[in-house]
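In: predicted model and sequence follow; I will ask about them next.
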Amino acid sequence: MERFSGPPLNDLFASVLRHLPVAVIITTPDGRIVLANEQVQFMLRQDGDPPENIASYRERLRGFHPDGKPYANNEWPIARTIATGELVEEEDIAVVRGDGTFGVIRVSSAPIRDGEGTLVAAVITFCDVSDEKREHDALTLIADASAIVAEALEYDRTLQRMARLAIPRFADLVFIHLLDRDGKLARQEVAASDREREAEIRSAWGHFPTLSEPLLRVIESGESTMSSVIPVDAWDTIVDRDHREALTRFGIHSAMSVPIRGIGKPYGTMTFVLTSTQRAYDAFDLLVAEELARRAGAAIERSRLFEGEREQRLVAERSTHRVEYLQRLTSILAQAVTIEEAVAAVTTELRAVLRATVVIIGLVTEDGEQIRIAGSAGLANDVEERYRYVPLTTEIPLTQAVLSHEAIFIGTREEAERRSPFVRDARPDSRAWAAIPLEMRGRVIGVLGLSFPEDHPFDAEERSFIASAAAQCALAFERSILFDSERHAREEAEHASRAKDEFLAILSHELRTPLTSVLGWADLLRMTHENDPVLVEQLTALRKAALMQARLIDDLLDVSRIVTGKLRITRRSVELNECVCATAEAQRLNAEAGGIALICDTAPEPIVLNVDADRIQQVVGNLVANALKFTPRGGEVRVSVRRENDRAVITVHDTGDGISPEFLPHVFDRFRQASVGDSRNYSGLGLGLSIVQHLVQLHGGSVKAESDGLGKGATVTVTLP
């Protein structure tokens, strides 16, 4: 019942205070209570008559700051208001109520002054916000835990953060235990508000066994357990005295153990402990603990999914890396022309890719009795030299793979010891071995040997990769052998080609000397027998044949100079229109004799180039003569000169036989001449266009031939800088 003292109060005001849902206390400046409605006693759960003054309330009520520090007498809001006139608004204070339970009250206090501003009284109001505060703290804790789960990538780190999250706002100690792969409970994490106590607990974990039975029951049943107050004799059943004393020192007052589960799968438990007697866990705390455990299970689930994905990614990356290595190895081996180069390309990098201790490549000797170590990586020089040749009768994986034609994989040293005595002499840092035969057309020519520093599972993917690397080695060795044979054949062919070129050069010189005499005597006889038309006609035919033969010999001489690199050009300033047209006009008699129209189109402006005029005339002459030769009666040969940008272009186009698509790529080859049908229709050695190409290239230009096919004519374009 309210107690009123001091000056009479308005009855209406007293009635309002009586029915307010909040507790109200009015005091005088000296702390004497003037008014206290019945809500005060109800919220503080105090028995008996209300105290006479505020000091008595402070003696009967214990309050705590958010960090757990007790309120001093002068820190209470009403004390501060009386002392300094401070206005305090909604200050949350954790209190131990009269019945020993814990709660939170939200306190406001204000000074009451008279008309002159003198403090005449103070009023304090408060309400019980325990449930509101508790729910808010619980929701905040769960939200923080959800945020941790959202970031979870490694579950051990995530569980550590979640354990520390509950300290100290929800627990004084947190223990996390997880099931290992064998289904046994293993310590995972511990967190404590006191770092020294945490270190002590961690030390005790290393000395004393885990109390697994109650935790395993929680895991198996999937149901949480809670002891609001741990009895003082709870640890009396622990036989080991040191263990019993350690548990007693922890001062466990209240505890909950909740299961950590994933989707249909148990992972372990979370245990929350209060060591302070200020409060104990209840059903609401158990609900919060179970929510935290659910999020811990989600974190483990997410982390393990991430680990699985990461493992798959690592496998994919490893596979990609190995595929890239095989591609790189293929490229390197494609350039290796000797077995030594192929061996060097394989051993070092393959050792790094597979993280092997040693990589060896051995080749079967010609007598088929031994293996010769062709190269290695990771093998000491003295050891490689000592075992340079290994008889096939030696019982080691290398020889066994060669004899059996099958790959051999030995995953452990124990397995190797059962299979062969070679392990006694093996390197101590080798614990697994592989040997893959190198086959060429069904015949084993060598072996790829590997050793590893750890036990090795040799899964299907790795076996396939090693087999692929071995196959590439075998192909490279086969190519090297074929290359050696081809190189010998090429050297012989080049020697024969040089002998042929030398013979042509000598032959050309030897033939030119008598031809000069033939031409001289033919001209002399024509001049002295001009009146004998029959003899003149015969001498003219003779001279024409000799000139043709001279041109062939000149072509042979040019080719021999080209082959030997002795063909040179002498540049001077030349007007290209005049040079080209003069050369074309020299062929007009031949064109008219064959009934072919010969047309020369020149550029409208002069084109002056620094070229060898004689050789340009030779180029144009060869092209025009060639066009006339392949153009039938009634056809046309058109020679044109033009400028395109900063280059001069000479084009010789005919309406003759054309060039087949098959022969077009070879039109500038030496000694190549197109045939129509099964026989040659035209005379010549097939050197003219080859000489044209070389002369144009000596000038820094280019030449190309084009044709739409047989019977559709041809066009040869020369471009000069």
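Out: Received it, and whenever you're ready, just let me know what you need.

In: before we move on, which element is the residue lying farthest from the centre of the chain in?
Out: Ranked by distance from the centre of the chain (CA atoms, centre = their mean), the top residue is N531, with 94.8 Å. Following DSSP states H and E, one finds N531 outside all helices and strands.

In: for L542, see how far away it is.
Out: Using CB to CB, to the nearest Å, we find N531 at a distance of 18 Å from L542. Every C-beta, even on glycine, is put in place using the N, C-alpha and C of the backbone.

In: then Y267?
Out: 111 Å.

In: these two: which has the busier surroundings?
Out: Y267 (23 against 16; other CB atoms under 10 Å).

In: quick one: contacts for the closest residue to that one other than its chain neighbours?
Out: Nearest residue to Y267, sequence neighbours excluded (CB to CB, 6 or more residues apart in numbering): I260, at 4.5 Å. Neighbouring residues of I260 by CB atoms under 8 Å, 6 or more residues apart in numbering: 176, 178, 266-270, 293, 296-297, 300.

In: switch to 10 Å and redo it
Out: 159, 176-179, 188, 218-219, 266-270, 292-300 (CB atoms under 10 Å, 6 or more residues apart in numbering).

In: which SSE is the most centrally placed residue in the chain in?
Out: Centroid-nearest residue in the chain: E317, 6.3 Å away (criterion: CA atoms, centre = their mean). Per DSSP H and E, E317 falls inside helix 283-335.

In: name the helices or strands packed onto that helix?
Out: helix 130-150, helix 155-165, strand 173-179, strand 225-227, strand 254-261, strand 266-274, helix 339-354, helix 460-528 (3 or more CB pairs under 10 Å, 6 or more residues apart in numbering; DSSP states H and E).

In: as JSON lines, those with distance to A648 and mean pLDDT would be great.
Out: Below are those laid out as JSON lines (distance: least, CB to CB, whole Å; pLDDT from 0 to 100):
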{"stretch": "helix 130-150", "distance to A648": "75", "mean pLDDT": "79"}
{"stretch": "helix 155-165", "distance to A648": "77", "mean pLDDT": "79"}
{"stretch": "strand 173-179", "distance to A648": "86", "mean pLDDT": "87"}
{"stretch": "strand 225-227", "distance to A648": "101", "mean pLDDT": "88"}
{"stretch": "strand 254-261", "distance to A648": "88", "mean pLDDT": "89"}
{"stretch": "strand 266-274", "distance to A648": "85", "mean pLDDT": "88"}
{"stretch": "helix 339-354", "distance to A648": "48", "mean pLDDT": "79"}
{"stretch": "helix 460-528", "distance to A648": "32", "mean pLDDT": "72"}
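
In: turn those into CSV, including distance to P391.
Out: Below are these laid out as CSV (distance: least, CB to CB, whole Å):
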stretch, distance to P391
helix 130-150, 64
helix 155-165, 54
strand 173-179, 55
strand 225-227, 72
strand 254-261, 62
strand 266-274, 58
helix 339-354, 21
helix 460-528, 21
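
In: what's the closest of these to F42?
Out: F42 sits nearest to helix 130-150 of all the helices and strands packed on helix 283-335, at 13.3 Å, using CB to CB.

In: buried residues, that closest one. List them.
Out: 130, 133-134, 138, 141-142, 144-145, 148-149 (16 or more other CB atoms under 10 Å).

In: what is it packed up against?
Out: Using 3+ CB pairs under 10 Å, 6+ apart, helix 130-150 sits against strand 88-96, strand 102-113, helix 155-165, helix 283-335.

In: show me how far the longest one is from its chain's centre.
Out: It stands for helix 283-335. From the chain centre to the centre of helix 283-335 is a distance of 15 Å (CA atoms, centre = their mean, to the nearest Å).

In: what angle sits between it and helix 130-150?
Out: 10 degrees (axes from the mean of the first three to the mean of the last three CA atoms, to 10 degrees).

In: ok, the second one next?
Out: Angle, strand 102-113 to helix 130-150, by the same axes, to 10 degrees: 120 degrees.

In: contact partners for G701?
Out: 609, 611, 619, 647-650, 693, 695, 718-721.

In: for it, phi and psi?
Out: As for G701, its main-chain torsions (degrees, to the nearest 10) stand at phi -110, psi -170.

In: same check on the one 3 residues further on?
Out: The main-chain torsion angles of K704 are listed as degrees, to the nearest 10 and equal phi -140, psi 150.

In: pretty sure it sits against I659.
Out: No - shown here, K704 and I659 do not form a contact pair, counting by CB atoms under 10 Å, at 11.8 Å.

In: any common contacting residues for the two?
Out: 667, 715-716.

In: re the thing from before, and the residue nearest to Y267, how far from Q617?
Out: 98 Å.

In: and for A255?
Out: 112 Å.

In: between the two, who's got more neighbours?
Out: A255 (22 against 17).

In: is that one in contact with V218, as I believe?
Out: No - counting by CB under 10 Å, A255 does not reach V218; the two are 11.7 Å apart.
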